[in-house]
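*Asks:* take this sequence and fold it.
(one chain, ligands or ions: 1)
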Amino acid sequence: MKFTKMHGLGNDYVYLDCTESGPGDLPGLARRMSDRHFGVGADGLICVRTSERADFRMEMYNADGSEGEMCGNGIRCVGKFLYDKGLTDQTELTIETLAGEKTLELHVEGGTVVSVSVDMGEPILTPERIPVLGAGESFLSRRIMVNGREWAVTCVSMGNPHAVVFVPDVDRLNLEEWGPAFEHHAIFPNRTNTEFVEVENQSTLRMRVWERGSGETMACGTGACAALVAAVLSYRARRIATVKLRGGSLTVRWEESDGHVYMTGPAVTVFEGEWPDT
Ligand SMILES: N[C@@H](CCC[C@H](N)C(=O)O)C(=O)O
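*Replies:* Alright, predicted model coming up:
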């Protein structure tokens, strides 16, 4: 079975062309291929399929085999995968995801896609739609206890759940301790991705992320969008900012006119390979 290893800012996935046929047991395959010692090594697996309502459809699985509704770094790489493999010659594409249809604009240089802008849609703030347990219309800067410490948490869904917390210094955070404690906290019925965000200035955020199902990753596209939304809602940032992650930077804009979040960043192919077991 042929695969392509790609990354967006070091957030790496194994990509499969499933437009004609695809393997079974994708959760199991995601676990085996993602393993960094016994597999290819990745944050998860992404299958590219045909769609009845959009140009293509993507299906994403985290390293633990759980399915994610959406993947911001992944969808940029899907755009590059489709274009570079000749599965499309369009530079504007729609991709169906479990979080709805997203529109991509591919930026091509020398015949290959180097970066991609994505209309990530409107952020969801209603607790039951995120989902997070809590009454009211939003879950902004609410104080919750996590492992005996009080945190002010803002919850945002970008199609998948995010908890955003602002911290003074992201480098001094013990993510291995706090990441899993947030991910499995009882107020998140579907678990959560968690972004720890340091505000450098109104146009620059620094962020580390603990992803649901994959642990600490070098970057998270949906997480960067959720972080900007939480920063705007708490008057910490302007509507357009650079989000600096461990693997590099994304430009994120929360457009006032349509309420959509737009994200731009790189998409990179690492290598092509063949996996013996389907
Ligand atoms: N890395 C992704 C998000 C992947 C899915 C996430 N772990 C989840 O389970 O929701 C991104 O770039 O957005």
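
*Asks:* a helix runs through residue 73, doesn't it?
*Replies:* Yes: counting by DSSP: H, G, I helix; E, B strand; the rest coil, residue 73 is part of a helix.

*Asks:* tell me the confidence at the residue lying closest to it once chain neighbours are set aside?
*Replies:* The shortest distance from residue 73 to any residue other than its chain neighbours is 3.1 Å, reached at residue 8 (Cβ to Cβ, 6 or more residues apart in numbering). From N, CA and C alone the C-beta is placed, and that goes for glycine too. Looking at residue 8, its pLDDT reads 98.

*Asks:* distance from the helix or strand that contains residue 47 to the middle of the chain?
*Replies:* Secondary structure from DSSP states H and E places residue 47 in strand 44-49. Relative to its chain's centre, strand 44-49 lies at 13 Å (Cα atoms, centre = their mean, to the nearest Å).

*Asks:* buried ones in the next helix or strand after that strand?
*Replies:* Heading C-terminal from strand 44-49, the first helix or strand you meet, by DSSP H and E, is strand 56-62. By 16 or more other Cβ atoms under 10 Å, the buried positions in strand 56-62 come out as 56-62.

*Asks:* tell me who's in contact with the residue nearest to residue 73.
*Replies:* Neighbouring residues of residue 8 by Cβ atoms under 8 Å, 6 or more residues apart in numbering: 72-74, 76-77, 219, 221, 247, 265-268.

*Asks:* please report how far it lies from the ligand.
*Replies:* Distance of residue 8 to the ligand, computed by Cβ to the nearest ligand atom, to the nearest Å: 7 Å.

*Asks:* if that residue is in a bridge, with which residues?
*Replies:* For residue 8, the beta-bridge partners under DSSP bridges are residue 11.

*Asks:* make 588 the first number, not 1, from now on.
*Replies:* In the new count, where the first residue is 588, that last one comes out as residue 595.

*Asks:* could you list the contact residues of the protein toward the ligand?
*Replies:* Contact residues, the chain versus the ligand (Cβ under 6 Å from any ligand atom): 598, 649, 655, 658-661, 747, 780, 798-801, 804, 807-810.

*Asks:* the strand holding residue 634 packs against which elements?
*Replies:* Helices and strands touching strand 631-636, by 3 or more Cβ pairs under 8 Å, 6 or more residues apart in numbering; DSSP states H and E, are strand 598-604, helix 613-621, strand 643-649, helix 659-671.

*Asks:* run the chain-centre distance for the last one.
*Replies:* Relative to the chain's own centre, helix 659-671 is displaced by 13 Å; criterion: Cα atoms, centre = their mean.

*Asks:* so which bits of the next helix or strand after it are buried?
*Replies:* Counting by DSSP H and E, the next helix or strand C-terminal to helix 659-671 is strand 679-684. Residues 680-684 are the ones in strand 679-684 that count as buried (16+ other Cβ under 10 Å).

*Asks:* please apply the same query to stretch 744-755.
*Replies:* By neighbour count with 16+ other Cβ under 10 Å, stretch 744-755 contains the buried residues 744-754.

*Asks:* now flag whichever of those is closest to the ligand.
*Replies:* residue 747 (3.3 Å; Cβ to the nearest ligand atom).
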